[in-house]
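> Next comes the sequence, and after it the predicted model I'd like to discuss.
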Amino acid sequence: MHTTCEVVALVPAAGQGVRLGAGLPKALVPVAGEPLLTHAVRRLLDAGVREVIVAAPPDGVEPIAEAARAAAVDAPVRVVPGGADRTESVRLALDAVHGRFDVVLVHDAARAFTPVETIRAVISAVAAGAPVAIPVLPVADTVKVVDADGMVIATSDRSSLRLVQTPQGFTLDVLRQAHAQAAGVATDDSALVERLGIGVHTVEGHPHAMKVTTPFDLAIAEAVFG
Ligand SMILES: Nc1ccn([C@@H]2O[C@H](COP(=O)(O)OP(=O)(O)OP(=O)(O)O)[C@@H](O)[C@H]2O)c(=O)n1
Ligand SMILES: C[C@](O)(CO)[C@H](O)COP(=O)(O)O
């Protein structure tokens, strides 16, 4: 990694975790005795990130701040109220970035176990000149397109398909431009950049960057990382 590279990370953690159904915001759900958010922030700091800005549920900022700050002694963390969807939460965290950074990462709290090496690979790609870099994995299953009745319309060519993970890395200018100019909600931030016609680079993702979405994912996380 470029040692002089200044990196800020935005961590959308304002989701309720409806699909997990744990009865508390997903970022606070424990694995190995610590909240998902604590694991996520610790790995970002271990990868060399200088500042972390977390988007929290607007009615629950304090417990999120506590979980984020538990990642390290004097953890350089700020917490802002998040939005109604992931895109808005990222934009609100982005609005809170002050100063000059070479790279901005956007990283789901729910991908709490992303290896430090994967985070560094994303940072290095942007530091080396990519305006945007995202970690991806190949698709292992056959993929079909279905209609509203569940009938198959087509079988996709999976050789050109990739599963997309986080952190996603950007130059600050590109991420700001994407959120200012690319209208509408998207399921990831690189899609906003695509709408500007800017090329999105990929780096190799990692199975440990799995998103904890369902109770089964949580059981896997506890079995592997607990
Ligand atoms: N309004 C929202 C919704 C989601 N997120 C964050 O975006 C990441 C990816 O979202 P997802 O895994 O879908 O989390 P939830 O929205 O909490 O899940 P669900 O859809 O099951 O409620 C999570 O870290 C989540 O906290 C956010 O910051 N603000
Ligand atoms: C950003 C993301 O993790 C990339 O795969 C994903 O798109 C988030 O989707 P979600 O439906 O909001 O969990």
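Perfect, thanks for sending it. Ligands and ions are numbered 1, 2, ... in the order given.
> Just give the nearest non-adjacent residue to residue 34, would you?
With C-beta to C-beta, 6 or more residues apart in numbering as the criterion, residue 34 has its nearest non-adjacent residue at 7.0 Å, and that residue is residue 70. No exception for glycine: its C-beta is placed from N, CA and C like everyone else's.
> State the number of residues packed around residue 19.
Neighbour count of residue 19, defined by other C-beta atoms under 10 Å: 12.
> residues from this structure in reach of ligand 2?
86, 108, 164-166, 187-188, 211 (C-beta under 6 Å from any ligand atom).
> what's the offset of whichever strand or helix holds residue 137 from the middle of its chain?
Element membership of residue 137 [criterion: DSSP states H and E] is strand 132-138. When distances are taken as C-alpha atoms, centre = their mean, to the nearest Å, strand 132-138 is centred 12 Å away from the chain's centroid.
> What of stretch 217-224?
With C-alpha atoms, centre = their mean, you get 19 Å for stretch 217-224.
> strands paired with the next helix or strand after the strand holding residue 137, and their directions?
Next along the chain after strand 132-138, taking DSSP H and E as the criterion, comes strand 144-146. Using DSSP bridges, the strands paired with strand 144-146 are strand 152-155 (antiparallel).
> From the chain's centroid, how far away is the partner strand?
30 Å.
> Give me the contacts around that strand.
Identification of contacts with strand 152-155 by C-beta atoms under 8 Å, 6 or more residues apart in numbering yields 142-147.
> Angles on the backbone of the residue nearest the centre of the chain, please.
Centroid check for the chain by C-alpha atoms, centre = their mean gives residue 107 as the closest residue, at 2.3 Å. Phi and psi for residue 107, reported as degrees, to the nearest 10, are phi -140, psi 120.
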